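Colleague: Okay, sequence plus prediction incoming.
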Amino acid sequence: MVEKGRTKAIAVVGAQWGDEGKGKVVDYLASSFDFTARYAGGHNAGHTVIFNNHRYVLQLVPSGILRPDKKAIIGPGTVVDPAALVAELENLKRSGVEVRSRLFLSNRAHVIFPYHREVDKAAEAARGEAKIGTTSRGIGPAYEDKMARRGIRVCELLEPECFRIKLERAIAEKNAICAAAYGHPLETTGLLEQYLELAAHIRGLVADTAVLLNNALDAGESVLFEGAQGTMLDIDHGTYPFVTSSNAISGGAATGLGVAPTRISGVVGVTKAYTTRVGSGPFPTEMPDLDAEEVRARGNEFGAVTGRPRRCGWLDLVVLRYAKMLNGIDSLVVTKLDVFDEQPEIKVCVGYRHKGQLIAEMPPDVETLAQIEPEYRTLLGWKKPTPGVRDVRDLPTAARDYLNFISDQLEVEIGMISTGPERDATIIPRGTRLATWL
């Protein structure tokens, strides 16, 4: 619970491999916060929000922007493709959402260029069967440049002469690398002019967002920290190398926004009622093809940005315990409960065995994780519809038993239940910690 007199600053994180429904959760919670602040990732994240019969797919702009009069921040921990950002802003404007006076872009965020996408595609193709399954949007190569201290930031993009010098240097280096590694140079004709034009479009959004955010917190304003992807895709703690290129866990909010860890007053973890992941990598609870196809169809499990079909599996409590530990999750949101409305029995992974031995810790290497044998408990399904239910007491008994089992096993409250994609298809149980934050 938020301490008396302490500013409300809550982080929302994915507790699985991403795609847990964070967009809807952030949109729902944002009505109770002054700011929503995105701290990691790029436009490879797809957050879908549905209300008033309109479907919004946000990639970089925080989901909270859909709430009128609320402000949003894209932090320095993100990587930004200006062309994608401008296109997203235009799409929002066409949908009647004007963000220009409410959205702020960090002057320290790193910029994605077309050569990042080219390198991304070439590197993924060169991996062959060992491919990671990236979105090929240049996210990883942009973070590589950032960590190698050769990236170009938004503040430099806005200074034409400085930008020209840095871009020429970057292109020369990338051309040499691509010619040697992939046998061809980059296509960079007109790149300087294109990005100077894009800079003019985003100039009015740019600010020192760390100062803006800390001033807001000092003034007692509330902030919702929005992550991208999920815990198991975190660059340090996920199923490496089948991970994203940034810190998706709650600690990433501090580094990715420039706020002290002590500013975070609570953490909300988001999980589906089952598990999904996109791309390659081990997946201990992955369902057989027929079961996965049924869940994929009922849950519309296709990427909001890429359209790729997601791999589907049973709920993995080992993953969720790991996510609870890493993030300090205070309250758990369970989304897509309605996908199991027709499921006669539901399996839940409660433990891992490796070579016959129970293991207590998440394996650090994918080779071991690929050999895991899940230990399952089987619970009865409820065979009744849950969409439209607004009170947890009105859920079918077996659905409540399923949620209580998850809560008891993880020793964490279920603070929100989603029974459909629409904004109002949401249950907030009374007396929960999450309810006190709204």
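Modeller: Alright, I've got the coordinates. Residues are numbered from 1 along each chain as shown.
Colleague: Nearest residue to R108 in space, ignoring adjacent ones along the chain?
Modeller: P76 (3.7 Å; CB to CB, 6 or more residues apart in numbering). Where C-beta positions appear, they are placed from N, C-alpha and C, glycine not excepted.
Colleague: Please, where are all the helices along the stretch 101-250 of the chain?
Modeller: Shown for the stretch 101-250 of the chain, the helices assigned by DSSP state H, counting those that start in this stretch span residues 114-127, 139-147, 154-157, 160-182, 191-202, 209-218.
Colleague: Those into a markdown table, with extra columns for mean pLDDT?
Modeller: What follows is these, written out as a markdown table (pLDDT from 0 to 100):
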| stretch | mean pLDDT |
| --- | --- |
| helix 114-127 | 78 |
| helix 139-147 | 94 |
| helix 154-157 | 97 |
| helix 160-182 | 87 |
| helix 191-202 | 95 |
| helix 209-218 | 97 |
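Colleague: got a list of what the closest residue to S245 other than its chain neighbours touches?
Modeller: Sequence neighbours aside, Y143 is the residue nearest to S245 in space, at 3.9 Å (criterion: CB to CB, 6+ apart). Neighbouring residues of Y143 by CB atoms under 8 Å, 6 or more residues apart in numbering: 79, 110, 245-246.
Colleague: Name the residues that touch stretch 157-175?
Modeller: 82, 107, 111, 113, 115, 119, 145, 150, 152, 156, 185-186, 188, 191-192, 195-196, 199, 203, 206.
Colleague: so how far is it from its chain's centroid?
Modeller: Chain-centre distance of stretch 157-175: 30 Å, with CA atoms, centre = their mean, to the nearest Å.
Colleague: Buried residues, it. List them.
Modeller: 157-158, 163, 166-167, 170-171, 174 (16 or more other CB atoms under 10 Å).
Colleague: Where does the prediction get shaky in the stretch 1-150 of the chain?
Modeller: 1-6, 45-47, 126-134 (pLDDT under 70).
Colleague: where do the strands sit along it?
Modeller: Ranges of strands within the stretch 1-150 of the chain are 9-14, 35-38, 47-51, 54-58, 71-74, 79-80, 103-106, 110-111, based on DSSP state E, counting those that start in this stretch.
Colleague: winner for burial among these?
Modeller: Of all those, strand 35-38 carries the top mean neighbour count, a mean of 29, counting by mean count of other CB atoms under 10 Å.
Colleague: Report all helices and strands that that strand contacts.
Modeller: strand 71-74, helix 209-218, strand 223-226 (3 or more CB pairs under 8 Å, 6 or more residues apart in numbering; DSSP states H and E).
Colleague: want to throw those into a markdown table with distance to T239?
Modeller: Output for the helices and strands packed on strand 35-38, formatted as a markdown table (distance: least, CB to CB, whole Å):
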| stretch | distance to T239 |
| --- | --- |
| strand 71-74 | 27 |
| helix 209-218 | 31 |
| strand 223-226 | 22 |
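Colleague: OK, contacts around the residue lying closest to G258 once chain neighbours are set aside?
Modeller: In space, and not counting its chain neighbours, G258 is closest to A210: 2.9 Å by CB to CB, 6+ apart. With contacts defined as CB under 8 Å, 6+ apart, A210 is in contact with 75-76, 106, 108, 257-259.
Colleague: cool, A216 as well?
Modeller: Here A216 is in contact with 34-35, 223 (criterion: CB under 8 Å, 6+ apart).
Colleague: wait, which of these is closest to K8?
Modeller: V223 (7.6 Å; CB to CB).
Colleague: any idea of the pLDDT on that closest one?
Modeller: What the model reports as pLDDT for V223 is 97.
Colleague: residues contacting it?
Modeller: With CB under 8 Å, 6+ apart, V223 has these contacts: 7-10, 33-37, 213, 216-217.
Colleague: Tabulate these (a markdown table), appending distance to E361.
Modeller: Below are the contacts of V223 laid out as a markdown table (distance: CB to CB, whole Å):
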| residue | distance to E361 |
| --- | --- |
| T7 | 35 |
| K8 | 34 |
| A9 | 30 |
| I10 | 28 |
| F33 | 35 |
| D34 | 39 |
| F35 | 36 |
| T36 | 34 |
| A37 | 32 |
| L213 | 35 |
| A216 | 39 |
| L217 | 35 |
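Colleague: Quick check: the two most widely separated of the residues you listed?
Modeller: Taking CB to CB, the two most distant members of the contacts of V223 are T7 and T36; they sit 14.9 Å apart.
Colleague: Next one: S32 from Q371, what distance?
Modeller: 44 Å (CB to CB, to the nearest Å).
Colleague: I misspoke; the intended subject was I139.
Modeller: Taking CB to CB, one finds I139 at 30 Å from Q371.
Colleague: Looking at the two, which is more packed in?
Modeller: Set I139 next to Q371 and count neighbours by other CB atoms under 10 Å: I139 wins out with 27 against 14.
Colleague: Contacts only, for the closest residue to the more buried one other than its chain neighbours.
Modeller: Excluding its sequence neighbours, the residue lying closest to I139 (CB to CB, 6+ apart) is G42, at 4.4 Å. By CB under 8 Å, 6+ apart, the residues touching G42 are 60, 78-81, 112, 137-139, 142, 228.
Colleague: which one of those residues has the most neighbours?
Modeller: A228 leads the contacts of G42 on contacts (other CB under 10 Å) with 30 neighbours.
Colleague: thinking that one is in contact with N247, fair?
Modeller: No: A228 is beyond contact range of N247, at 10.1 Å (criterion: CB atoms under 8 Å).
Colleague: re earlier: compile the contacts of Y143 into CSV and extend it with columns for distance to P421.
Modeller: Output for the contacts of Y143, formatted as CSV (distance: CB to CB, whole Å):
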residue, distance to P421
V79, 28
H110, 32
S245, 28
S246, 26
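Colleague: I appreciate the help and will end here.
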